[in-house]
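**Q** sequence first, predicted model second:
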Amino acid sequence: MKLVHPNIDFGFDFQKKNYYSLVIENADEFFRLTKQILNQTEGEEGQWVLSEVLPININKNILVLSDFYNLSCNNKKMESLLKSKILGLNSFVDMGEVLSRINADILDLNDIITSNFDFKIEYNDEITLESILKLLKYSFSDEEILLKKVVNYIEIYSELNPIKLVVFVGMTALLNETDIENLIKEISYRDIKMFFIDSFDKQIFKKENKIIVDKDLCLI
């Protein structure tokens, strides 16, 4: 699997390395390229290309993490993925008998309630798995320590929506060298590749894993 961009005269070949570090010292270029890859994961147009012989969808195969202060598994995207995963259980798990019992109990409850009023009350007489999910309000447990929070998020996200690559924007500014090493170890264990994009070189990564684009947009 390879990730390329026309502004960078280098192809990031993840068949050779589990991770790469891209340092973009030019502020405008850093913003432009990071915003572009983030937008592409949301289905918008951009110039980053991910390929396995042929190009593959970035929005389905890449997760970009940039806002670490507000990182939480309990967001709309994760809730939607969880809901889809649970509803998908219907394909291979028989829930019919349980849902029938729930509906029967709900009807009994409705009879008790409506029998105590002289006026007519309308109600939903069929409870589906989707309506039960709204009632149960499933949520995730979030970690407090940043390293654990990031690893936990990736683990849960990749279970709900298999991915090939995680892009970390500005991650090295918030974690020390030991934490970065542990992060790489944890994510590599899940067979997910990593791409670190930073605006300065914190001297964490090995030279063979690092590409620097200087302020004049020259490749180092």
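**A** All right, it came through fine. Model, not experiment: these values are computed from the prediction. Numbering: from 1, shown residues only.
**Q** switch to C-alpha atoms for all contacts and neighbour counts from now on
**A** Fine.
**Q** who does the residue nearest to Asp13 when sequence neighbours are not counted bridge with?
**A** Excluding its sequence neighbours, the residue lying closest to Asp13 (Cα to Cα, 6 or more residues apart in numbering) is Lys2, at 4.4 Å. Beta-bridge pairing for Lys2 (DSSP bridges): Asp13, Ser51.
**Q** any idea how far Ile211 is from Lys2?
**A** 15 Å (Cα to Cα, to the nearest Å).
**Q** the more surrounded of these two?
**A** Using other Cα atoms under 10 Å as the criterion, Lys2 and Ile211 rank with Ile211 on top: 20 against 16.
**Q** can you name every helix or strand that the biggest helix by length in the chain contacts?
**A** Taking DSSP state H as the criterion, the chain has its longest helix at helix 96-114. Here helix 96-114 touches no other helix or strand, going by 3 or more Cα pairs under 8 Å, 6 or more residues apart in numbering; DSSP states H and E.
**Q** give me the contacts around that helix.
**A** Lys120, Ile121, Asp125, Glu126, Ile127, Thr128, Leu129 (Cα atoms under 8 Å, 6 or more residues apart in numbering).
**Q** tell me the contacts of the fourth one?
**A** The reference is to Glu126. By Cα under 8 Å, 6+ apart, the neighbours of Glu126 are Asn103.
**Q** okay, it: pLDDT?
**A** In this model, Glu126 is scored at 78, pLDDT.
**Q** so the residue located most distally from the centre of the chain, which state does it fall into?
**A** No residue in the chain sits farther from the centre than Asp118, which is 52.1 Å out by Cα atoms, centre = their mean. Assigned by DSSP: H, G, I helix; E, B strand; the rest coil, the conformation of Asp118 is coil.
**Q** and for Phe30?
**A** Under three-state DSSP, Phe30 comes out as helix.
**Q** burial of the closest residue to Phe205 other than its chain neighbours, as a residue count?
**A** By the measure of Cα to Cα, 6+ apart, the closest residue to Phe205 outside its immediate chain neighbours is Ser21, 7.0 Å from it. The tally of other residues near Ser21 (other Cα under 10 Å) stands at 24.
**Q** in the sheet, who's paired with Ser21?
**A** With DSSP bridges as the rule, Ser21 is bridged to Phe196, Lys210.
**Q** how about the helices in the chain?
**A** 27-41, 58-61, 76-88, 96-114, 129-136, 146-160, 177-189.
**Q** which residues are contacting stretch 75-93?
**A** Counting by Cα under 8 Å, 6+ apart, Leu129, Glu130, Leu133, Ser139, Tyr157, Leu160, Asn161 sit against stretch 75-93.
**Q** rewinding a little: buried residues in the longest helix of the chain, which are they?
**A** By neighbour count with 16 or more other Cα atoms under 10 Å, helix 96-114 contains the buried residues Leu99, Ile102, Asn103, Ile106, Leu107, Asn110.
**Q** what mean pLDDT does that helix get?
**A** 88.
**Q** would you mark the buried spots in stretch 174-193?
**A** Quick answer for stretch 174-193 (16+ other Cα under 10 Å): Ile180, Leu183, Ile184, Ile187, Ile192, Lys193.
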